[in-house]
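Asker: show me the folded form of this:
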Amino acid sequence: MRKFSCFFLMVAGFLLTTVTGVAAENTVSDDAGLFTPSEIQSLSEQADQLNEKIKGEVFIATTNNGIDDIEYTTDRFLADRIGNDQNGSALMIDMGNRNLHVSTSGNMLDYINDARLDDMLDNIYDQMTAGNYYQAARVYLENAASYVEAGVPGGHYHVDRETGKITYYKVLTPLEIGISLLVAAVISIAFFIIVKSRYQLKMGGYKYPYREKSSIKLTQKEDRLVNSFVTTRRIPRPPKNNGGGGGFGGGTTTHSSGGGTFGGGGRSF
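Answerer: Down below sits the predicted model:
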């Protein structure tokens, strides 16, 4: 019985290690060999926490091959893993051409707008040029998590790179949601009390003397325009980075790739 228990624990431990390794490999595809197994495991665990918050998935991929079009490759890598327009982001590091690129889709288009993306890429670039590849990957995940925690910036919008079309998104803050619910509740209660107080009489117990109380009077009214005034004023543009959600306000530039909509950008290092 004791031997059987030991054997069972060994098998269970092996299966747990195997499953954990597969999950880490799915999150981090390290073809360039930049990370140790323990670093891959740590990055995967860090990504899992972010995945729960965005209800999606984030990825890290490295290669030595030298990618001709790193933007398209990163977009398709992300889409192949989660599907077009699903919540997620991917960091692609190309050691062959020494390029890096971040692609976003779904709600990560809103969390990582252009201003936040530039800040993230600058931070990743600093680590990559210093040869701190593991730290660069951590910065990608940490920055993304901080933007998600801060929320979507106020006045957020999408700009289509090909057409220039701008789409605005209204984001309700928790305070606005609470006030809206409170106002709706007050109005509903007031409406109920007023209606109930006005209609206390039973059906058929009262008839309104419409013949005695009704009357009609026709008049003729003519309006003439005497004068008009036009007032103009210059509306100033809002300052940059004035949005809510921890700063870095503004919009997200999007593009189409393989039937999906993506955001993102990159650097050479």
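Asker: check contacts around I67.
Answerer: Counting by C-beta atoms under 8 Å, 6 or more residues apart in numbering, I67 touches 73, 92, 94, 96-97, 99. Where C-beta positions appear, they are placed from N, C-alpha and C, glycine not excepted.
Asker: how would you label it: helix, strand or coil?
Answerer: Following DSSP: H, G, I helix; E, B strand; the rest coil, we place I67 in the coil state.
Asker: identify the bridge partners of D94.
Answerer: Here D94 sits in beta bridges with T63, N99, as judged by DSSP bridges.
Asker: out of the contacts of I67, which is nearest to V186?
Answerer: Nearest to V186 among these: M92, at 52.2 Å, using C-beta to C-beta.
Asker: and for that closest one, the neighbour number?
Answerer: Per other C-beta atoms under 10 Å, the neighbour tally for M92 reads 25.
Asker: again with T167
Answerer: 12.
Asker: repeat for G56
Answerer: Neighbourhood size, G56 [other C-beta under 10 Å]: 17.
Asker: correct me, but it touches T104?
Answerer: No - using C-beta atoms under 8 Å, G56 makes no contact with T104, being 10.2 Å away.
Asker: list residues touching both of those two?
Answerer: G88.
Asker: in the stretch 101-250 of the chain, which spans are helices?
Answerer: Along the stretch 101-250 of the chain, counting by DSSP state H, counting those that start in this stretch, helices occupy 108-111, 114-129, 133-150, 174-198, 210-213.
Asker: if H255 is in a bridge, with which residues?
Answerer: Bridge pairing for H255 (DSSP bridges) gives the partners F262.
Asker: for it, give me its contacts.
Answerer: When contacts are counted by C-beta under 8 Å, 6+ apart, H255 is found next to 160-162, 261-263.
Asker: just say helix, strand or coil for S89.
Answerer: strand.
Asker: what's opposite it in the beta bridge?
Answerer: Partner residues in beta bridges with S89, using DSSP bridges, are V58, T104.
Asker: can you report how many residues lie near it?
Answerer: S89: 32 surrounding residues under other C-beta under 10 Å.
Asker: that one contacts S105, correct?
Answerer: Yes - counting by C-beta under 8 Å, S105 is a contact partner of S89 at 7.3 Å.
Asker: what touches both of the two?
Answerer: With C-beta under 8 Å, 6+ apart, S89 and S105 have common neighbours L78.
Asker: picking up where we left off before, can you redo the contacts of H255 as a markdown table with pLDDT, distance to T63 and neighbour count?
Answerer: Below are the contacts of H255 laid out as a markdown table (pLDDT from 0 to 100; distance: C-beta to C-beta, whole Å; neighbours: other C-beta atoms under 10 Å):
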| residue | pLDDT | distance to T63 | neighbour count |
| --- | --- | --- | --- |
| D160 | 97 | 29 | 14 |
| R161 | 96 | 25 | 12 |
| E162 | 94 | 27 | 8 |
| T261 | 98 | 24 | 17 |
| F262 | 98 | 19 | 26 |
| G263 | 98 | 22 | 25 |
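Asker: ok, and which of the helices of the stretch 101-250 of the chain has the densest surroundings?
Answerer: Mean neighbour counts were compared across the helices of the stretch 101-250 of the chain using mean count of other C-beta atoms under 10 Å; the top stretch is helix 108-111, at a mean of 25.
Asker: show me what that one is packed against.
Answerer: If you count contacts as 3 or more C-beta pairs under 8 Å, 6 or more residues apart in numbering; DSSP states H and E, helix 108-111 packs onto helix 133-150, strand 252-257, strand 260-268.
Asker: rewinding a little: pick out the most distant pair among the contacts of H255.
Answerer: Top of the distance list for the contacts of H255 (C-beta to C-beta): E162 and G263, 13.3 Å.
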